[in-house]
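The sequence and its predicted three-dimensional model are supplied below.
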Amino acid sequence: MPSVRRLAPAAVAAALLLLSAVACGGGTTSAGSGAAVAPASAPVYVSLLIDDGSEQWRQAGALVRRLPGGDEILRGLLSDREGADWETEVKPALGPELVVVVLDLARGGDAAVALTQPDDVDAFEKLAAQDGQVTREIAGWWAVADTEELLDRFEQARDDGTLEDADAFQEATAGLPAERLALVYANAQAGLASAPGMLDEETLRCFAGGEEQEPAAFAISAADGGFRIDSGATSTPFSIDSGASDLDDKLPAGAVAFASAHNGAAVLRHLLDCAGDSLGLQLGQLEAITGISPEKDLLPLFEGETALAVYPPSDLERDDPQPTVAVVTQVADTEDVLASFDRHLQALGPLAGNLTLRDSTVDGLAVRTVSRDGRPIFAYAARDGLFVLANAPAGVLVLNGGGPTLAEDDRYRAALDAAGAPDETVGLVYVDVAAISSLFTGTGYAGGDGLAGLVVWGERDGDAVITQGFLAID
């Protein structure tokens, strides 16, 4: 049997592959009943619907069939199944719901327990034995994990209550669609004591919003025209700014990915305040050596809107086969920002592997290129209240304008319209899924092949944020 870390994606992919041939369906089974067996203290809980007779999977199957090469993609996901046949070995070993519970953030997948109510217990145990996993019946469910010790921990944690009865879980999932393909619940505060890293638990807890920070949950469901993402309201420990994107009307069309956020300085200021006790000495030493002050030199770069855009190489006339990545931010004084960057890079040069700075002019734009050992590693420029940092000198040309903008891009507009994204958001992410996939698999830019656009955004709800998203498939 695939290990716990591979069981969930395998089951979902296999079910999708099966459903890609389904023309009709019934049932209304929804994910979520596994909360009755999961311990309330779990930092991560995932519930996946594996019911091929449900209406959700009927819709999902129809959507998968509309994806170019969808069957081939799914078969590729199933290629490492150690020879197990879905129809005769995997499907009978699963019930209508698959639950994955992570008990320890520090160990991640190594501390995961998967649970289901198999149609055939013998098939379940036989499949588990193939991968050296251990199984146990717990509260009417069958659990599988890497070790008996994990299953012992799981049962001991249940002694303090289950998620189904936990107020935090009920509040986080309230209002989410009852009919869904997947539910993900995360309680960061529950797992911080075991989180790895150089920061202490108090600092990590501050990062996560403090003792009063509530758990978060989101659901994925099939809908007409695509897959929808919904979350509950999540409070934030910093001020929230909302507004319409100004940068998508300044950057060129053709981006295969675009992410925008407002007032990132508030987030960074919160993180710096939290890290004051743990990293204050190191930050002070860095400022003493380089003259770089996070408060004076870093935060002002992110007071306005900040965006990240990814372009195919051909769109910016680069010979390099790698995509062009540019970070653009609104600044109050472009000349001051450039002078500050120049000064600090010269101070950092000897400390960061002998960096060198070269000035040049590209299509009328003054460009600074930073190199190490004679090889360019990034470039930056500024114009008309905008500062750009890119992974190559040609990337700063996003500031030159003169052609259609991203806001006028047909694929971008179509994805936003299909998602029903509002004009004003806390932040927004757009991904041309087909194009990104073709770029990173080396099959060439496939931007003209139908619509498969993902849009995720956040909206203010008082002092909280509600996250929504939609993957449109046309």
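All right, it came through fine. Numbers count the residues shown, from 1 in each chain.

Now for the closest residue to Asp423 other than its chain neighbours, how many residues are close by?
Counting by CB to CB, 6 or more residues apart in numbering, Asp423 lies nearest to Ala244, which is 4.9 Å off, once chain neighbours are set aside. Backbone N, C-alpha and C define where each C-beta goes, glycine included. Residues near Ala244, counting by other CB atoms under 10 Å, number 15.

so what's Ala244 up against?
Asp423, Glu424, Thr425 (CB atoms under 8 Å, 6 or more residues apart in numbering).

Switch those residues over to JSON lines; also include distance to Leu348 and neighbour count.
Below are those laid out as JSON lines (distance: CB to CB, whole Å; neighbours: other CB atoms under 10 Å):
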{"residue": "Asp423", "distance to Leu348": "40", "neighbour count": "8"}
{"residue": "Glu424", "distance to Leu348": "38", "neighbour count": "14"}
{"residue": "Thr425", "distance to Leu348": "35", "neighbour count": "24"}
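
Nearest to Val362 among these?
Nearest to Val362, judged by CB to CB, of those is Thr425 at 32.6 Å.

Quick one: residues contacting that closest one.
Neighbour list for Thr425: Ser242, Gly243, Ala244, Ser245, Trp457, Gly458, Glu459 [criterion: CB under 8 Å, 6+ apart].

Quick check: beta-bridge partners of it?
Thr425 has these beta-bridge partners by DSSP bridges: Gly243.

Per-residue pLDDT of it, please?
Per-residue confidence (pLDDT) for Thr425: 94.

In JSON lines, list the contacts of Ala244 along with distance to Asp384.
Listed next are the contacts of Ala244 as JSON lines, based on distance: CB to CB, whole Å:
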{"residue": "Asp423", "distance to Asp384": "23"}
{"residue": "Glu424", "distance to Asp384": "23"}
{"residue": "Thr425", "distance to Asp384": "24"}
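
which of the residues you listed lies closest to Val325?
Looking across the contacts of Ala244 and measuring by CB to CB, the closest to Val325 is Thr425, at 21.8 Å.

quick one: low-confidence ranges for the stretch 351-474 of the chain?
Judged by pLDDT under 70, the stretch 351-474 of the chain has its weakly predicted residues at 351-353, 438-451.

Would you map the strands across it?
355-362, 365-372, 375-383, 386-390, 424-425, 427-432, 452-461, 464-473 (DSSP state E, counting those that start in this stretch).

which helices and strands does the second one pack with?
Using 3 or more CB pairs under 8 Å, 6 or more residues apart in numbering; DSSP states H and E as the contact criterion, the secondary-structure elements in contact with strand 365-372 are helix 334-348, strand 355-362, strand 375-383.

of all these, which lies closest to Ala390?
Nearest of the helices and strands packed on strand 365-372 (CB to CB): strand 375-383, 5.4 Å.

which of the residues in that closest one are buried?
Residues Phe378, Ala379, Tyr380, Ala381, Ala382, Arg383 are the ones in strand 375-383 that count as buried (16 or more other CB atoms under 10 Å).

Nearest to Leu268 among the residues you listed?
For the buried residues of strand 375-383, the nearest to Leu268 is Tyr380 (18.6 Å; CB to CB).

For that closest one, give its distance to Thr369.
8 Å (CB to CB, to the nearest Å).

Now rank the contacts of Thr425 by neighbours and give me the top one.
Trp457 (24 neighbours).

Give the next helix or strand downstream of the helix or strand hosting Gln170.
Element membership for Gln170, per DSSP states H and E: helix 167-173. Where DSSP H and E defines the elements, the next helix or strand beyond helix 167-173 is strand 182-186.

Tell me where the model's unsure across the stretch 1-150 of the chain.
For the stretch 1-150 of the chain (pLDDT under 70), the answer is 1-32, 67-86, 106-109.

Buried residues, stretch 304-312. List them.
Per 16+ other CB under 10 Å, stretch 304-312 contains these buried residues: Gly304, Glu305, Thr306, Ala307, Leu308, Ala309, Val310, Tyr311, Pro312.

Stretch 412-424 too?
Applying a neighbour-count criterion of 16+ other CB under 10 Å, one finds Tyr412, Ala415, Leu416, Ala418, Ala419, Ala421 buried in stretch 412-424.

Adding distance to Ala259 as columns, could you present the residues you listed in a markdown table?
Formatted as a markdown table, these follow (distance: CB to CB, whole Å):
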| residue | distance to Ala259 |
| --- | --- |
| Tyr412 | 12 |
| Ala415 | 13 |
| Leu416 | 13 |
| Ala418 | 18 |
| Ala419 | 15 |
| Ala421 | 13 |
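
got the contact list for Pro252?
Applying CB under 8 Å, 6+ apart to Pro252 gives the contacts Tyr311, Asp315, Val398, Gly401, Gly403, Pro404, Thr405, Leu406.

Let me have the contacts of Thr425 in JSON lines, extended by distance to Gly364.
As requested, the contacts of Thr425 are arranged in JSON lines below (distance: CB to CB, whole Å):
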{"residue": "Ser242", "distance to Gly364": "35"}
{"residue": "Gly243", "distance to Gly364": "31"}
{"residue": "Ala244", "distance to Gly364": "29"}
{"residue": "Ser245", "distance to Gly364": "26"}
{"residue": "Trp457", "distance to Gly364": "35"}
{"residue": "Gly458", "distance to Gly364": "37"}
{"residue": "Glu459", "distance to Gly364": "39"}
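
nearest to Ala40, of the contacts of Ala244?
For the contacts of Ala244, the residue nearest Ala40 by CB to CB is Thr425; the value is 33.0 Å.

on that earlier part again, which one of the buried residues of stretch 304-312 is nearest to Arg358?
Nearest to Arg358 among these, with distances taken as CB to CB, is Tyr311, at 23.0 Å.

my read: Asp463 touches Ala233, true?
No - the criterion here is CB atoms under 8 Å, and Asp463 misses it with Ala233 at 9.3 Å.

re earlier: okay, the strands of the stretch 351-474 of the chain in CSV with distance to Leu268 next?
Shown next, in CSV, are these (distance: least, CB to CB, whole Å):
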stretch, distance to Leu268
strand 355-362, 23
strand 365-372, 22
strand 375-383, 19
strand 386-390, 15
strand 424-425, 19
strand 427-432, 14
strand 452-461, 17
strand 464-473, 17
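
So for Lys126, which of the ones you listed sits nearest?
strand 464-473 (35.9 Å).
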